[in-house]
Structures are given as structure tokens and as C-alpha cells.
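[1] sequence unknown, structure follows:
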């Protein structure tokens, strides 16, 4: 057994001897320094040369892979994670092929897998890397050497960092072990500081960065990281000395100048900001990658105009960097005031010129937002077009009856003008609709990538709401609220919120989604019926009738439990059929209400009141005095039944008093209290159907027919008529000796 153990140990010892030798290579260190100075393009070129020169040196591949990933994180706006990660993966795999016993490239592959969401692969690669770290009892005899062993542990710990999160249960034990093995390792302390930053423990992070500085006094990196902590905490003054110290350690360390430029930009000290940015660009020899990072700094400092200006400058000398349309598009959207047309142009160029794998999720979101904001007034424009077309139709009606030549000329001019404007607005509306549909497509693509993003779902629902697509709201909320039927009450709350806010189409969409998902859920059908009643308050269109009939169909399956819902449906349908002069059906529904629950006084009173009104209307509609008396008797009987249950019912008493007067006048063969007339629209002269004519301070009321006509008995000593209709200004008309009252209502 002993030879089997010694052989891999010997192999590892030889490998780490070579690793130590290569790590000290001046060429490799120079390439690593270029990476740390954020000159990723130059570093990449140097790594390629090193690999061509030393293809078997696995360290070259590892640091080259790191260069790809660090380049991505230096500019997450312009770069694609998928592209960068796959580039790094290819290099790491070549590193594994060149040096199968090198743990570092397995860690690189673990990072890539973790970033791309393949957690199982990441676990597998970390395990492979860890297998090359042999158990130890004495750190002095550790294999590989302590410095390398600690560095590898720290890098495994680092592989648990993803975006702004870290798995501390895995990372912290590893970093603590690394520090225990080598407490003078700069890279280990830097990684420890990075982990604690993500844990929101700035103090602990600074302490580790200070230890890193002590371990390598000539490195500017630790000071840079401490400075960044203070910048994030908005303690700009506290950050400045650390960036200045980084420059003192290395006057050619370009990132420090960029950070100071960005810091002074945030502080609105523009002269100093410009000075440091110019130094940064000078140190980087004005190369395009440096200018790109400068543009990123301007973006994060919210200098959006500066971003756009510099992107245009870059395009003048290098049109190949079409990905810069991304940050220009974002900036045109974010700036004040926004320029949505320009933003859209940049984003369309981006989508047209980069390969699909370089489109990042945020691109879909910005494209959608730009299209939405650009067309946010589309509903108002559509309303304006509809109003103009309605006005055109009114003018055409007036033109048909106008005989004065001058008036005809004016009307013709108005018709031509409004028709042209309406056509123009409709054209705009159609174009807007197409762009809004494109916004939804982009939201859909983003949702495929982030299906559980509640903030995104909320944004999409709000967009549907802005464009009055209430079914779209309902569909989106169905994903946001949870699956039906479990979340049915959550949906109902949203629907009732729409209802209470008088957004009845939105309410209907929500309730309909619930009814389809839960076919026997009574509250959904009840609220659908109520919603359609609100959409058609005068019952002219009969929208609510089939909804209440459906409610009855569902509710009667358990009439004992659903008694209140049935009562509401019977009451509505009784009233509906009475208004539409279908008195037989009306009485049938009111009788069902009376009989629904013998112990429920409220139901019985409402039913008898409806029956009394139907009989009274029948009496009024009867042409002969003799024929009226049976209806009057049945009406009085209904109101007396109410008084038997509730002796002080004021409405029943008032109706009985009116019936007594009516009966007396009928018996005399005369009708001195009958009034009649026509209610018209003051503007158009057209009849107003279903207008209410009520005697003030009494229950005597009548409704106009479809011709705007009315006729009914009024109590003696009546003084004022109240004329009202939905959408019109109510009028009060004094009652005189005249028996005819024609009224014109204004809107």
C-alpha cells in the first residue's frame, strides 16, 4: 500500500514545485498585473502569448480564465455572462488537459458552472479540486506547500460568490482554514474581505483588507477595496485617502484615478472629476477599452448625457463595438428629460447587430420599458379619436337637418377637419399598439429567464393596466399571486379593488379568471354580475341579465348555503324585467324572492315591494279605469303585507297613501293628477330613454320609455318634479296646473 500512497504525493510535490516556479515567472506576473490594472484586452493578449510559449503550464490557463470573468464583472452592462463564462470555461478545460493535477482549473470550472446555474456541476468540480489537497497534521509538511494550499482553499471559498451573494456556510470555513494555514497571504485576506463585504460586515472586511495591505505593502489593491467600501456607504471624504494611497504605491495604477474621477463626479465636483478621468485615460493610452470603462463610470454616476456623448465618440473611431448601443440606450431612457425615440434607436441597433448570446436579460427589460414609455399616451389618443368621430356623427346629423347655407358650410368644415384629425390619431394609435405588442414580446422573453421574479410580474401587470388590457392584468397576476384555486381569495381581493376603484373591465377580467379556474365558486359569479350591473347602470344593454341568470344556475345547486346570492339575483332580475315591461317575469322573480326564505323578513319585504311596484305600473299602463282597479288592489295588498311584518315601514305607508288617492280618482272616472311629457337631450334633441321622473318627497316615480315619453299619477298637493338621468344634470320642475311637462336635460 505504501508505494500507492507515495506515488500521487510525489506527483503532487513535483507539480507544485513547477507551479511555484511558474507563478514567479516574470511574464505571468506581468499578465496578472495587467488583469489587476483592469487592462483585460492587453492581459488577454499576453496570456495567449504565454500559452503559445508554454502550452503545458496550467497556471497560464487559470489566470487567463480569471481574466475573462473579471472582464465581465468590470462591465456587466456591455458584456454577456453567458459568452464570458463560456470563454473562461473553454480556457479552464484546456488548463485541466494541460495539467490534470492542478486544482485551480477545476475551481475555475466550478465558478463557471455556478455562475450559469449548474450547481451540481459546481459541487462536482469543487470536490475534484479539494481532492488534490491532501490531509495534513503538520502545516510545515503540508502538500502542496502552505502558501499554495491556502490560496487554493481561498479560491474554492471564492467560488461560492455569485453576483452580490455568498454561501457563507460553505465559504467561511474554507477561508478560516486558509488563514490558519497561511496568515501572511495577501490574496487570502482579499478574498476574506470580499466575503465579509457581501455579508454587509464592512468593519470586518476593512480589517481583512488592512491585513492584505500588511502582507503586500506595495500592492494598491487593498486600498482600492477599502476606498470602495466607503464610496458604497456614501462616505466619500473617507474614501479619498485610500484611493490616494493606492496612487502613492503605484502612480501608474489607472483604476485608482478612475475611482477618484467617479467619486468626484458623485460629489458634483466636476473639475476634479474631469482631471482624474483625463489622467485615467492618459495612463491607459486612450485605448477604447479604457474609454468603455470610463463610460461605465459615467453611467453609474448617472451622468447619462456624458455616456451618450462618449459612446458617440467611440463609434467615430471604432464602430465594431456595437454592444455600446446598450449603455447608450439605457442612458437615453434614464436621462432627464428622457429621449425615448433615441433610446429605442440605440436598442434596435443593439438587437440587430449583436449575436443572440450577447443579449442580456436587462436588454429585454429596457426595450420593453422604452416602448411602454414611448407610447404611454396611446389610450388617451385613442379616446380623443373616438370623441372626434362621435362629434363628426353629431355634426352629420345636424347637417342633415340644417337649411341655412352658412351653417352647412361651418358643419362641413368641422366634419372635414375632425375626420382628418381622427384618422391621423387612429394611425398613431395603430402604430402605438404595434410597439406595445413588441414590449410585451420582450417582457415575455425576460419572463422566460426569470419566471419567478415578482417585481417583474408586477411591472408587466402595471403595463397591461396602463393600456387597459385588464385580461392581461389578470393573467399576469395569476402568476404572481399563486396557482388557482388555492389563491382564489387573493384574486378576488384584487378584483374587488378594481371594482371599488370603478375599473369595472379590470374587475371583470379578474373575476372571470377565477370563475374559469373554479367553476363552482359562487363569489366569482356574484361579483361578475355586480360588475356588469355597474357597466350598464340603466339596464339599457341588458349586460347584467345573463350574468345574474348564470349566478342563479350555479347558486341553486346549494340554495340553502347560497340564499343571499339568490336573493340578490332575484331582486335584480325582478327589477330588470319590470323596467323592460316584462311584468310577468318580473313578478315571478319577486315572488321567488318572497318565497326564498320564509324566516327572512328583509327578503320578503324586498319581494313584496317589487310586486307592489309591478302592479302599480300595470295599473298605470291599463287604458280603462275599470281595468286599473284590480292592479291597484293587488299593489295595495303587497304593501299591506310589508306593514304586517314591519308596521313602521315609511316607504310602504307612502305608497299606500298614493294608491288610495289613485284609487279614488279612478273610481270618480277622472284622473286629475295624471301628468305626462317627453324628456329630451338639450344638445341633440333626441329622446332620453329611462329617465326618472319623481315627485319630490314622495315615492311616486315613473321612467321614460325608449321614445323619452312618460305618463303617471302624482299625489295631490305635489309641488316639485325631479327629472334625472345618468350622465345628465338633474332638474327640479315646479308643478303647476299644467298636466304636460316636457323637459330638456343637459349633460
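    Nice, I can see it. Because the structure is predicted, anything quoted here is derived from the model rather than measured.
[2] For the stretch 401-550 of the chain, which segments count as strands?
    Remark: strands of the stretch 401-550 of the chain are absent; assignment by DSSP state E, counting those that start in this stretch.
[3] Residue ranges in it under the pLDDT threshold?
    For the stretch 401-550 of the chain, no stretch is flagged by pLDDT under 70.
[4] any idea how far the strand ranked longest in the chain is from the chain center?
    If you go by DSSP state E, the chain has its longest strand at strand 674-681. Counting by Cα atoms, centre = their mean, to the nearest Å, strand 674-681 is centred 52 Å from the centre of its parent chain.
[5] Ok, stretch 536-553 next?
    Taking Cα atoms, centre = their mean, one finds the center of stretch 536-553 at 33 Å from the center of the full chain.
[6] List of residues touching it?
    Residues from elsewhere that reach stretch 536-553, judged by Cβ atoms under 8 Å, 6 or more residues apart in numbering: 522, 525-526, 528-533, 535, 565-566, 568-570, 572-573, 575-576, 579-580, 689-690, 725-726. The way it works is simple: take the backbone N, C-alpha and C, and place the C-beta from them, glycine included.
[7] Which strands or helices does the longest strand of the chain pack on?
    strand 709-713, strand 743-745 (3 or more Cβ pairs under 8 Å, 6 or more residues apart in numbering; DSSP states H and E).
[8] buried subset of the contacts of stretch 536-553?
    For the contacts of stretch 536-553, a burial check counting by 16 or more other Cβ atoms under 10 Å picks out 522, 525-526, 528-533, 565-566, 568-570, 572-573, 575-576, 580, 689-690, 725.
[9] Just the buried positions in the longest strand of the chain, please.
    Buried positions in strand 674-681, judged by neighbour count with 16+ other Cβ under 10 Å: 675, 677, 678, 679, 680, 681.
[10] which residues are contacting that strand?
    686-688, 691, 693, 704, 707-714, 721, 723, 725, 728, 735, 739-745, 747.
[11] hmm, try it at 6 Å
    If you take Cβ atoms under 6 Å, 6 or more residues apart in numbering as the criterion, strand 674-681 is touched by 687-688, 691, 704, 708-709, 711, 713-714, 739-744.
[12] What of stretch 579-598?
    539, 563, 566-567, 570-571, 573-574, 577-578, 603-604, 607, 610-611, 614, 618.
[13] now do 7 Å
    539, 563, 566-567, 570-571, 573-574, 577-578, 603-604, 606-608, 610-611, 614, 617-618, 690, 703 (Cβ atoms under 7 Å, 6 or more residues apart in numbering).
[14] and this protein, what are its domains?
    Domain assignment for the chain by automatic domain parsing gives 1-132, 674-745.
[15] what's the most buried one of the ones you listed?
    Among the domains of the chain, the stretch with the highest mean neighbour count (mean count of other Cβ atoms under 10 Å) is domain 1-132, at a mean of 18.
[16] For the stretch 301-450 of the chain, just list every one of the helices.
    For the stretch 301-450 of the chain, the helices defined by DSSP state H, counting those that start in this stretch occupy 304-317, 324-334, 340-353, 361-374, 378-401, 405-449.
[17] Mean neighbour count, those: which tops it?
    Sort the helices of the stretch 301-450 of the chain by mean neighbour count, taking mean count of other Cβ under 10 Å, and helix 324-334 sits at the top with a mean of 24.
[18] which residues sit against that one?
    The contact list for helix 324-334 (Cβ under 7 Å, 6+ apart) reads 77-78, 292, 295, 299, 304, 307-308, 311, 314, 338-340, 342-343, 346-347, 349-350, 363, 366, 369-370.
[19] from the chain's centre, how far out does it sit?
    Helix 324-334 sits 21 Å away from the centroid of its parent chain (Cα atoms, centre = their mean).
[20] State the mean pLDDT of that helix.
    Mean pLDDT, helix 324-334: 96.
[21] With stretch 714-731 instead?
    Here the average pLDDT along stretch 714-731 is 90.
[22] ok, now stretch 375-393?
    Stretch 375-393 shows a mean pLDDT of 94.
[23] ok and whichever strand or helix holds residue 602 relative to strand 674-681, angle-wise?
    Per DSSP states H and E: residue 602 is located in helix 601-621. Calculated by axes from the mean of the first three to the mean of the last three Cα atoms, to 10 degrees, helix 601-621 forms an angle of 100 degrees with strand 674-681.
[24] Against residue 266, how distant is residue 282?
    For residue 282, the distance to residue 266 equals 22 Å [Cβ to Cβ, to the nearest Å].
[25] These two: which is more packed in?
    Ranked by neighbour count (other Cβ atoms under 10 Å), residue 282 and residue 266 place residue 266 first, with 18 against 12.
[26] Leaving out sequence neighbours, find the closest residue to residue 70.
    Once flanking residues are discounted, residue 70 sits nearest to residue 35: 6.1 Å by Cβ to Cβ, 6 or more residues apart in numbering.
[27] What's the first helix or strand after the longest strand of the chain?
    That would be, after strand 674-681 and using DSSP H and E, strand 692-695.
[28] Just give the strands next to whichever helix or strand comes after that next one in its sheet, each with its orientation.
    Heading C-terminal from strand 692-695, the first helix or strand you meet, by DSSP H and E, is strand 701-703. The partner list of strand 701-703 in its sheet, established with DSSP bridges, is strand 692-695 (antiparallel).
[29] give me the number of residues near the closest residue to residue 513 other than its chain neighbours?
    Closest residue to residue 513 apart from its sequence neighbours, by Cβ to Cβ, 6+ apart: residue 474 at 4.5 Å. Neighbourhood size, residue 474 [other Cβ under 10 Å]: 25.
[30] residues contacting residue 474?
    Residue 474 makes contact with 509, 510, 513 under the criterion Cβ under 7 Å, 6+ apart.
[31] what packs against the helix or strand containing residue 152?
    Counting by DSSP H and E, the element that carries residue 152 is helix 146-158. Applying 3 or more Cβ pairs under 7 Å, 6 or more residues apart in numbering; DSSP states H and E, one finds that helix 146-158 contacts helix 2-23, helix 103-115, helix 119-131, helix 168-181, helix 186-198.
[32] Out of those, which gets nearest to residue 259?
    With distances scored as Cβ to Cβ, the stretch of the helices and strands packed on helix 146-158 nearest to residue 259 is helix 186-198 (15.6 Å).
[33] from the middle of its chain, how far away would that closest one be?
    Counting by Cα atoms, centre = their mean, helix 186-198 comes out at 37 Å from the chain centroid.
[34] just to revisit the earlier point, make TSV out of the domains of the chain and add distance to residue 240.
    Converted to TSV, the domains of the chain look like this (distance: least, Cβ to Cβ, whole Å):
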stretch	distance to residue 240
domain 1-132	20
domain 674-745	67
